[in-house]
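Novice: everything below, folded, please.
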Amino acid sequence: MMEFIRPHLQALPPYTPIEPFEVLSARLGRDVNEIIKLDANENPYGSSPKVREALAQLAFPHIYPDPESRALRSALAQVHRLPMENILCGSGADELIDLILRVVLEKDDVVINCPPTFGMYPFDTLVNGGRIVEVPRRADFSLDMDGLKKAIRMYKPKILFLASPNNPDGSLLPAEMLEELLAFPLLVVLDEAYIEFSEDGRLGSQVTKLYEVLQRENLIVLRTFSKWAGLAGLRVGFGCFPGWIMPILWKAKQPYNVNVAASEAAIAALADIEYIGKTVALLCKERQRMQELLARIPYLQTYPSRANFILCRVISEKHGSLSAEKLKAALANRYGILVRYFDKPGLQDHIRISVGKPQHTEALINALLEIGDLQ
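Specialist: All right, here's what the predicted structure looks like:
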């Protein structure tokens, strides 16, 4: 029966998602309250009180949502000082990544990816029949600008995906590099999923490139409520798009893509920015403390981050029997601490640790010290 399946999908490697609390609880044999989840960059402080109140008072869960998400787009336009007609909402930024590729790509059109970075860019490209050309980042995770320019001239790509801060290292994209890349005839999709955690990346900050979309024909900026607002489980994001592409996006998107609960929660979050800003500030402060404590672990090399996570390389020469895979397993099985593990080009023997509450950091550091003593 496989002949019914499109050939390019048969060969597609699956994306590896993060598991929720209830699955982890069953697998680890631990109560949910005994698990410290630092593997998906979620906000450990959760959603704001106004969000919980809005969800408790949902008036019309039995009625289909507004296909144009007008109330949410209006709130976003007011908070971000953007024209409502340039905003499109989605079921997380993930849906918008897929939507962009669906409306732009024809079979074998080229998309440039700069790994290590967010895995959904190549995944969705391949799902939509596109061709990925990878221009790996340098050892410090900065862009290889010479390699990018060469690839753009050689392959004439339609889209270039960039994340700022980049996932998994947390580095910001320098403004001059973005400026240089926007001069080429391609669509630059800038993913700002973690921008609120950069030092001056709060709402209204000039670090975000949202406002440049209005002056550019080839820049798209994506944002999400999953990280800063603590709405990862509700799946809601938005993008700022040039006016010329909006009619096509409206035609191609699923009609009821943002459900009523997600929409009401996001509107409530925008009305409670002061509260959520305090949790973001706490996480930024804890990131600095965690960075300093992790630097004392002899078998870890940390990288500077402007997001709500820290990337670490496991230095095998310090503990020959310890690998990132073994470290992840030990943290999960012995201590109930979940981190993300990588073992692919540019990320061999790396773990990424989400910033949690102070007590999470303490438990993590104690566990890392104990594991080091056991080697």
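Novice: got the residue ranges for the strands in the protein?
Specialist: Secondary structure of the chain by DSSP state E: the strands cover 36-38, 87-90, 110-113, 131-134, 159-163, 187-191, 219-224, 237-240, 300-302, 309-314, 337-342, 350-354.
Novice: list the strands paired with the fourth one, with their directions.
Specialist: What that stands for is strand 131-134. Using DSSP bridges, strand 131-134 pairs in its sheet with strand 110-113 (parallel).
Novice: rounded mean pLDDT for the strand it pairs with, please.
Specialist: Averaging pLDDT along strand 110-113 gives 98.
Novice: cool, and stretch 308-325?
Specialist: The average pLDDT within stretch 308-325 is 84.
Novice: could you tell me the end-to-end distance of it?
Specialist: 22 Å (Cα to Cα, to the nearest Å).
Novice: any weak-confidence spans in the stretch 251-375 of the chain?
Specialist: 317-320, 373-375 (pLDDT under 70).
Novice: how about the helices in it?
Specialist: Using DSSP state H, counting those that start in this stretch, the helices of the stretch 251-375 of the chain run over 260-270, 273-294, 324-335, 358-374.
Novice: got it, and the stretch 101-250 of the chain?
Specialist: 120-127, 145-155, 175-182, 246-252.
Novice: may I see the buried residues of the last one?
Specialist: Neighbour-count burial for helix 246-252 flags residue 249 (criterion: 16 or more other Cβ atoms under 10 Å). C-beta: built from backbone N, CA, C; applies to glycine.
Novice: on contacts alone, who are the packing partners of that helix?
Specialist: strand 87-90, helix 92-104 (3 or more Cβ pairs under 8 Å, 6 or more residues apart in numbering; DSSP states H and E).
Novice: same deal with the first one?
Specialist: Applying 3+ Cβ pairs under 8 Å, 6+ apart, one finds that helix 120-127 contacts helix 92-104, strand 110-113, strand 131-134.
Novice: and that helix with helix 92-104, angle?
Specialist: 40 degrees (axes from the mean of the first three to the mean of the last three Cα atoms, to 10 degrees).
Novice: same deal with the second one?
Specialist: Compare the direction of helix 145-155 with that of helix 92-104 by the same axes, to 10 degrees and you get 30 degrees.
Novice: hmm, who's touching stretch 249-263?
Specialist: 55, 58, 60-61, 63-69, 71-72, 88-91, 95, 99-100, 102-103, 231, 234-236, 241 (Cβ atoms under 8 Å, 6 or more residues apart in numbering).
Novice: start and end of that stretch, how far apart?
Specialist: 19 Å.
Novice: for stretch 223-236, same thing?
Specialist: 9 Å.
Novice: any buried residues in that stretch, and which?
Specialist: Buried-residue list, stretch 223-236, by 16+ other Cβ under 10 Å: 223-232, 234-236.
Novice: list the residues that contact the residue nearest to residue 96 when sequence neighbours are not counted.
Specialist: The shortest distance from residue 96 to any non-neighbouring residue, by Cβ to Cβ, 6 or more residues apart in numbering, is to residue 90 (4.1 Å). Counting by Cβ under 8 Å, 6+ apart, residue 90 touches 96, 99, 236, 237, 238, 239, 253, 257, 258.
Novice: could you rerun that using 10 Å?
Specialist: Applying Cβ atoms under 10 Å, 6 or more residues apart in numbering to residue 90 gives the contacts 69, 96-100, 222, 224, 235-239, 249, 253-254, 257-258, 262.
Novice: out of the residues you listed, which end up buried?
Specialist: Using 16+ other Cβ under 10 Å, the buried members of those are 69, 96-100, 222, 224, 235-239, 249, 253, 257-258, 262.
Novice: just to revisit the earlier point, okay, the helices and strands packed on helix 120-127 in a markdown table with distance to residue 123 next?
Specialist: Output for the helices and strands packed on helix 120-127, formatted as a markdown table (distance: least, Cβ to Cβ, whole Å):
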| stretch | distance to residue 123 |
| --- | --- |
| helix 92-104 | 9 |
| strand 110-113 | 10 |
| strand 131-134 | 9 |
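Novice: now for these, which one comes closest to residue 266?
Specialist: Ranking the helices and strands packed on helix 120-127 by proximity to residue 266 (Cβ to Cβ) places helix 92-104 first, at 11.1 Å.
Novice: other SSEs contacting the closest one?
Specialist: Counting contacts by 3 or more Cβ pairs under 10 Å, 6 or more residues apart in numbering; DSSP states H and E, helix 92-104 packs against strand 87-90, strand 110-113, helix 120-127, strand 159-163, strand 187-191, strand 219-224, strand 237-240, helix 246-252.
Novice: again, 6 Å this time
Specialist: In terms of contacts (3 or more Cβ pairs under 6 Å, 6 or more residues apart in numbering; DSSP states H and E), helix 92-104 is packed against helix 120-127, strand 219-224, strand 237-240, helix 246-252.
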